[in-house]
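K.L.:
Fold the following, please.
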Amino acid sequence: MPSEERTATARALQALAEGTNAFRAALTTARAEMHAHVESHRGAERDRAQAAAHALGAFAAGRIDTGRFGALLADEVVLSPESATLLTACVEALDELLARGDALFVHRVPSGGLLRGKVDAALAEVGRAFAAARVFQAMRRSAAPVAAHESMLRGFPFALWSRTERELAPPMVIEVEGADLRAEHLVEYLDGSVRIALVVEGPASPAPLVRLIAPSVLVLQTSEVAALGALSGSPGPAVAALLPAGCAELSHDPRAGARLEERLTIGVAAATAPAEALGWRSARQARDERAQLDALAELCRAARDVAVVVVPPVAGDATGTSEVDAVAAWLLTQAGFEGGAA
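P.N.:
Numbers count the residues shown, from 1 in each chain. Purely as a prediction, here's the structure:
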């Protein structure tokens, strides 16, 4: 990858540092709690075994499993070997995620690859943290281990995340070639607090994210890395694309108001060069994206231009005829009829 693109990715990650650091801190805290729980049970099991061995004396040597015997005498719930193994696996899963560092949040779509597949895999990897938390809580409640627990720790897809887990999702930086940028692949992941920054390399469709504009989704197309910082403050799902020159620059921010003209700002329109087929996107689809953006811009412009005009009252007879005539004359004048009503 060219050096300027590596720089763009690094700066994008820096712009999202608040979210990635918070997620890492949560992993560290959860890992410490899980590790302490596992070690405390291991210590308790050793103590019970030693106490049982001392009580049984030499008679028990080689004949009685003092660990199991000690568990029979314990007041607290004892972890089964299977539960202890699963708890250890939970700690190891968090260790692996923490060891990945920034690589946990930065991913690249291979040339010709599917954006959906990369995002799905990236979130499934992050989901291992939520799976570890679920399994840990189940073991603490003395639930019996099931086969699904082990598979969850290997990968926990976004489709299975709870509402709370989706709100805790860390931001992602995805490197993708413009020819492979199929924004519609992101729709199913724009929920909770999922935030995706796309670093787009090479030629791209002029308005690739216009299809993602929805009332609760922050959508940003920009050529300035610093603008990606807007994703960190987003209370809901957000997607941004760092695009090459010639593409439209827009911001759809749900925090700006309830109406579309308040939320949508188009800073730079797409270049007027003919839309061409690019990768998965046909020329017709590219034209539709540009036309949709133009239509939205015109709609917002018209809404902002609406003004309320107050016509001063005019004295007249009791029926109000003079007032009506005055309003009619004013309307005709506004329409270009200099003489007013004939």
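K.L.:
Please report how far Leu220 lies from Ala30.
P.N.:
When distance is defined by CB to CB, to the nearest Å, Leu220 is 31 Å away from Ala30. C-beta coordinates here come from the backbone N, C-alpha and C atoms, glycine included.
K.L.:
between these two, who's got more neighbours?
P.N.:
Leu220 (24 against 18; other CB atoms under 10 Å).
K.L.:
So which helix or strand of this protein has the lowest pLDDT on average?
P.N.:
Across the helices and strands of the chain, mean confidence by mean pLDDT, DSSP states H and E is lowest for helix 66-73: a mean of 45.
K.L.:
okay, and for the stretch 201-342 of the chain, where does confidence drop off?
P.N.:
Scanning the stretch 201-342 of the chain for pLDDT under 70 picks out 270-274, 307-324, 326-328, 330, 333-342.
K.L.:
Now with 50, please.
P.N.:
307-308, 341-342 (pLDDT under 50).
K.L.:
residue ranges of the helices in it, please?
P.N.:
Using DSSP state H, counting those that start in this stretch, the helices of the stretch 201-342 of the chain run over residues 260-263, 283-305, 321-334.
K.L.:
Format the ones you listed as JSON lines; extra columns: distance to Arg24 and mean neighbour count.
P.N.:
Shown next, in JSON lines, are these (distance: least, CB to CB, whole Å; neighbours: other CB atoms under 10 Å):
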{"stretch": "helix 260-263", "distance to Arg24": "32", "mean neighbour count": "17"}
{"stretch": "helix 283-305", "distance to Arg24": "36", "mean neighbour count": "15"}
{"stretch": "helix 321-334", "distance to Arg24": "62", "mean neighbour count": "13"}
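K.L.:
Among those helices, single out whichever gets nearest to Ala148.
P.N.:
Closest to Ala148 of the helices of the stretch 201-342 of the chain, according to CB to CB: helix 283-305, at 40.1 Å.
K.L.:
contact partners of the closest one?
P.N.:
205-208, 210-211, 213, 248, 250, 259-261, 264, 266, 269-270, 274-278 (CB atoms under 8 Å, 6 or more residues apart in numbering).
K.L.:
mind listing what the residue most central in space within the chain touches?
P.N.:
What sits nearest the mean C-alpha location of the chain, by CA atoms, centre = their mean, is Val194, with 1.2 Å. By CB under 8 Å, 6+ apart, the residues touching Val194 are Leu123, Phe158, Arg166, Ala169, Met172, Pro237, Ala238.
K.L.:
how about the second one, what does it touch?
P.N.:
Read it as Phe158. Asp120, Leu123, Ala124, Gly127, Arg166, Glu188, Tyr189, Val194.
K.L.:
give me phi/psi at it?
P.N.:
Backbone torsions for Phe158, taken as degrees, to the nearest 10, come to phi -60, psi -30.
K.L.:
And the fifth one, by the same measure?
P.N.:
Dihedral angles of Met172 (phi, psi; degrees, to the nearest 10) stand at phi -130, psi 140.
K.L.:
right, and it touches Val199 too?
P.N.:
No - contact criterion CB atoms under 8 Å: Met172 and Val199 do not qualify, at 10.9 Å.
K.L.:
what residues do those two have in common as contacts?
P.N.:
By CB under 8 Å, 6+ apart, no residue touches both Met172 and Val199.
K.L.:
Ala179 and Asp294: what is the separation?
P.N.:
In this view, Ala179 and Asp294 are 23 Å apart by CB to CB.
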